[in-house]
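# what would the 3D arrangement of this be:
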Amino acid sequence: MNILVTGANGQLGNEMRIISKNSNDNYIFTDVNQVEGVKTRFLDITDLEAIRKIVAENKVQAIVNCAAWTNVDGAEDPEKYAIVEKLNATAPENLAKAMKEVDGWLVQISTDYVFGKEPYNTPCKEDQKGTPTGVYGATKLLGEQKIIATGCKYMILRTAWLYSEYGKNFCKTMLNLTATKPQLKVVFDQAGTPTYAWDLASAIVAALNKPVEGIYHYSNEGVCSWYDFTKMIAEYAGQKECDIQPCHSSEFPSPVTRPSYSVLDKTKIKETFGIKIPYWTDSLKICINNIKNA
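Modelled structure (predicted):
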């Protein structure tokens, strides 16, 4: 299969690169951001004709869309709304149209931020009504709806709390802060599940091997708060000097209300594709070891 990956120089895209080395499929990696020494085709996914051209040239049979606007706070800037919607809703629609025209598959990466407004304390299922609390979640939900409306063959994978060895993410930030700060306050009243990008990339490959249309949830197993996440990061990194204290979200004012509980129910993806999902601390340990040994 000829598989095109967008946003290939981000967290998930980089993990897709690694996995592709052991694959019989042919991968084409694209991004608007070019990194020296990393083979990447330039592709602006807001340009439908450019997508059609690269799909035709490479006989693309599936697209994995790892590109998005992910700055949650920044998305609340009214002057940024047009570009956020373009990247998170119109661009996925463009990819869906291009795949529809060649009877190919689109794998769209979505987010737990499509939930959050309604109070609940049980894991979110795929058919649960989207209740986003901010522009980021609202535009990602709109992107899902636009994809489905095109009538293309799609798999939408919602994920949460993504981290990896690459780019900027919570894990790497906390590794730095717990190593340099004598004390740190981290919120304990937001619960979810960290997701190692390598594990998500592995799930994407498994799904593409035997694709079944639908919306799926994927994160690592288990539940924790950002405070718990930070404590484990420090422990696995061997950083014992920093005094990590729990605090309320209200102590860190934000332009958007983040979901207080966004644990994803992963029953559907496990049963459909027969995959086993690692526990979050097991994957975190692997990631930190990779960072330390890099």
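
# rest of the way, CA atoms for contacts and neighbours
OK.

# where along the stretch 101-250 of the chain do the strands fall?
105-111, 153-159, 162-163, 183-187, 191-192, 195-196, 214-217, 224-225, 243-247 (DSSP state E, counting those that start in this stretch).

# any chance of TSV for these, columns mean neighbour count and distance to Tyr136?
Putting these into TSV (neighbours: other Cα atoms under 10 Å; distance: least, Cα to Cα, whole Å) gives the following:
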stretch	mean neighbour count	distance to Tyr136
strand 105-111	25	9
strand 153-159	23	13
strand 162-163	20	15
strand 183-187	17	21
strand 191-192	22	17
strand 195-196	26	19
strand 214-217	20	18
strand 224-225	20	21
strand 243-247	16	24
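
# what packs against the longest helix seen in the chain?
Longest helix of the chain, by residue count under DSSP state H: helix 135-150. Packing partners of helix 135-150 (3 or more Cα pairs under 8 Å, 6 or more residues apart in numbering; DSSP states H and E): helix 81-85, helix 91-102, strand 105-111, strand 153-159.

# between these, which one is nearest to Val256?
helix 81-85 (13.9 Å; Cα to Cα).

# give me the helices and strands touching the closest one, please.
Partner elements for helix 81-85 (3+ Cα pairs under 8 Å, 6+ apart): helix 135-150.

# any idea of the angle the helix it packs on forms with strand 105-111?
Inter-element angle recorded for helix 135-150 and strand 105-111: 160 degrees (by axes from the mean of the first three to the mean of the last three Cα atoms, to 10 degrees).

# and Lys97, how close does it get to Ala91?
10 Å (Cα to Cα, to the nearest Å).

# next one: Asp243
Distance from Asp243 to Ala91, by Cα to Cα: 43 Å.

# quick one on the thing from earlier: now mean pLDDT and distance to Val32 too, for the strands of the stretch 101-250 of the chain, in a markdown table please.
Output for these, formatted as a markdown table (pLDDT from 0 to 100; distance: least, Cα to Cα, whole Å):
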| stretch | mean pLDDT | distance to Val32 |
| --- | --- | --- |
| strand 105-111 | 98 | 18 |
| strand 153-159 | 98 | 22 |
| strand 162-163 | 98 | 21 |
| strand 183-187 | 97 | 34 |
| strand 191-192 | 96 | 31 |
| strand 195-196 | 98 | 24 |
| strand 214-217 | 98 | 27 |
| strand 224-225 | 98 | 34 |
| strand 243-247 | 98 | 38 |
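
# pipe the ones you listed into a markdown table and attach distance to Val60 per row.
Formatted as a markdown table, these follow (distance: least, Cα to Cα, whole Å):
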| stretch | distance to Val60 |
| --- | --- |
| strand 105-111 | 9 |
| strand 153-159 | 14 |
| strand 162-163 | 27 |
| strand 183-187 | 43 |
| strand 191-192 | 35 |
| strand 195-196 | 27 |
| strand 214-217 | 20 |
| strand 224-225 | 39 |
| strand 243-247 | 48 |
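
# out of these, which gets nearest to Gln128?
Among the strands of the stretch 101-250 of the chain, the nearest to Gln128 by Cα to Cα is strand 214-217 (10.9 Å).

# other residues contacting the longest helix of the chain?
69-72, 75-76, 81, 84-85, 88-90, 92-93, 96-97, 100, 108, 110-115, 130, 132, 154, 156 (Cα atoms under 8 Å, 6 or more residues apart in numbering).

# cool, and stretch 254-265?
72-73, 76, 112-113, 115-117, 119-126, 133-134, 159-160, 189-193, 217-219, 223.

# pretty sure Pro255 is in a strand, no?
No: Pro255 is assigned coil when assessed by DSSP: H, G, I helix; E, B strand; the rest coil, not a strand.

# neighbours of it, just the number please.
If you count neighbours by other Cα atoms under 10 Å, Pro255 ends up with 12.

# one step back: just the buried subset of the contacts of stretch 254-265, please.
72, 76, 112-113, 115-117, 124-126, 133-134, 159-160, 189-193, 217-219, 223 (16 or more other Cα atoms under 10 Å).

# check contacts around Met232.
Thr281.

# distance of it from Thr90?
For Met232 relative to Thr90 (Cα to Cα), the value is 38 Å.

# endpoints of stretch 74-90, how far apart?
In stretch 74-90, first residue to last residue: 19 Å (Cα to Cα).
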